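model this:
(chains A and B)
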2 protein chains.
Amino acid sequence: MKKPENRPWKVLESEYVARKPWFTVRHERLELPDGTVVPDYYVSEYPAWVNIIARTRDGLFLLIDQYRHGLQETAYETPAGCVEPSDASMLAAAQRELLEETGFGGGEWRQLTVIAPNPATQNNLTYCFVATDVERLGDQTPDATEDLRLHLFTADEVLELLRTDSIRQALMAAPLWRYFYESRERPNK
Amino acid sequence: MKKPENRPWKVLESEYVARKPWFTVRHERLELPDGTVVPDYYVSEYPAWVNIIARTRDGLFLLIDQYRHGLQETAYETPAGCVEPSDASMLAAAQRELLEETGFGGGEWRQLTVIAPNPATQNNLTYCFVATDVERLGDQTPDATEDLRLHLFTADEVLELLRTDSIRQALMAAPLWRYFYESRERPNK
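All right, here's what the predicted structure looks like:
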């Protein structure tokens, strides 16, 4: 299917409001194709992100829980993180993050989908992978500012968490629902 | 299923970096349960957002395309917007946004899912609705800073756009994949 015709807005002015880790923001003055001016537009810059749907040989899903200060809640998530300059590829970044956050690795990997956290306010994409037949290679080695716990859940449990909005980070819910749609996996009752 | 135990971080200091429309940001100094201090944490504050999977009596989906300056691309999306103080409810906000962006309304409405744009960096949620049997009530009445075009697509076309990451805003891909998973609708070939 054809992409829509691109109708870019013109950047009249652009300056960085801040250039810090996790807070790099441009303020811009923009002009629409019809001449309308948007005096204050903000774009947050981030590196690419990755996340992983990982299953063991027994078909169990690796989820973690961690406190998320934006919503001030501790919730279930798939393993995820930022791509580092030292990562050779998106896949390598995803494999590193899975190992750090869960201690699991190996298995078969494929890229499932590339989605956008927010095409209006952010400049980055999230690369979502599926890893099957992963196995425990060692201990979790999270960053000092990560306080996360590992859980192994059945497909039925993950579907129940999705259905009740208990996995509600959109960047994780989208690939999980896609995965279940495409695998045709249904609750086993 | 049980929620994970909440392990909140302590706010040691908090101040607003900016309080503007689309750019309200708090800078905070946080302390983890183990005493580790995060000196620079940023939370963006936004109102609640809504988006809508809308289908006509013929089963066609209402999508729009618009330029998104974060990714500098014009892409397909479901109708969506911010909840306004004058909206009586999330449903009312969704119905207003659908009417403004497409000129369509009426039909049967239900809330499908409530997801988070980013639980780490944002304080808001997105309420996702499904509207069936909507009909054309008038013209589109977008805001002055919206340049959007309306498209009517079949379920097969929407699935193809999802599959090729041509609908890739995560807040829209998640409810669409959930909708197709739960409806068991499959490409008609």
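
residues near the nearest residue to A:Asn124 once chain neighbours are set aside, how many?
With CB to CB, 6 or more residues apart in numbering or on different chains as the criterion, A:Asn124 has its nearest non-adjacent residue at 4.3 Å, and that residue is A:Tyr46. For glycine as for every other residue, the C-beta is placed from the backbone atoms N, C-alpha and C. Neighbouring residues of A:Tyr46 were enumerated by other CB atoms under 10 Å in any protein chain shown; the total is 18.

Quick check: A:Tyr46 touching A:Leu125?
No - using CB atoms under 8 Å as the test, A:Tyr46 is too far from A:Leu125 to be in contact (9.6 Å).

list the residues that contact both of those two?
When contacts are counted by CB atoms under 8 Å, 6 or more residues apart in numbering or on different chains, A:Tyr46 and A:Leu125 are jointly contacted by A:Pro117.

hang on, the earlier thing: which residues sit in contact with the residue nearest to A:Asn124?
In this structure, A:Tyr46 makes contact with A:22, A:24, A:82, A:117, A:122-124, judged by CB under 8 Å, 6+ apart.

repeat that with 10 Å
Shown in contact with A:Tyr46 (CB atoms under 10 Å, 6 or more residues apart in numbering or on different chains): A:21-24, A:82-83, A:117, A:122-126, B:121.

Would you map out the domains in chain A?
A:10-45, A:49-183 (automatic domain parsing).

could I get these as TSV with mean pLDDT and mean neighbour count?
Putting those into TSV (pLDDT from 0 to 100; neighbours: other CB atoms under 10 Å in any protein chain shown) gives the following:
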stretch	mean pLDDT	mean neighbour count
domain A:10-45	96	14
domain A:49-183	97	19
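
Now do the SS call for the residue sitting furthest away from the middle of chain A.
For chain A, the residue at maximal distance from the C-alpha centroid (CA atoms, centre = their mean) is A:Gly35, at 35.6 Å. Per DSSP: H, G, I helix; E, B strand; the rest coil, the local secondary structure of A:Gly35 is coil.

what phi and what psi does the backbone show at it?
Note on A:Gly35: backbone dihedrals following degrees, to the nearest 10 are phi 100, psi -10.

can you tell me how far it sits from A:Glu185?
Look at A:Gly35 and A:Glu185: by CB to CB, to the nearest Å, they are 51 Å apart.

what about the helix or strand that contains A:Leu162, distance to the chain center?
Taking DSSP states H and E as the criterion, A:Leu162 maps to helix A:155-163. Its chain's C-alpha centre lies 18 Å from the corresponding centre of helix A:155-163 when counted by CA atoms, centre = their mean, to the nearest Å.

what does that helix rub up against?
Counting contacts by CB under 10 Å, 6+ apart, the residues outside helix A:155-163 that touch it are A:53, A:55, A:59-61, A:63, A:75-76, A:78, A:151, A:153-154, A:166-168, A:172-173, A:176-177, A:179-180, A:183, A:185-189, B:1, B:3, B:113, B:115, B:174, B:178, B:181-182.

Who are the contact partners of the residue lying closest to A:Thr145 once chain neighbours are set aside?
The shortest distance from A:Thr145 to any residue that is not its chain neighbour, by CB to CB, 6+ apart, is 5.3 Å, and that residue is B:Val38. Listed by CB under 10 Å, 6+ apart, the contact set of B:Val38 reads A:22, A:69, A:144-145, B:9, B:12, B:28-32.

If anything else comes up later, I'll come back, but that's it for now.
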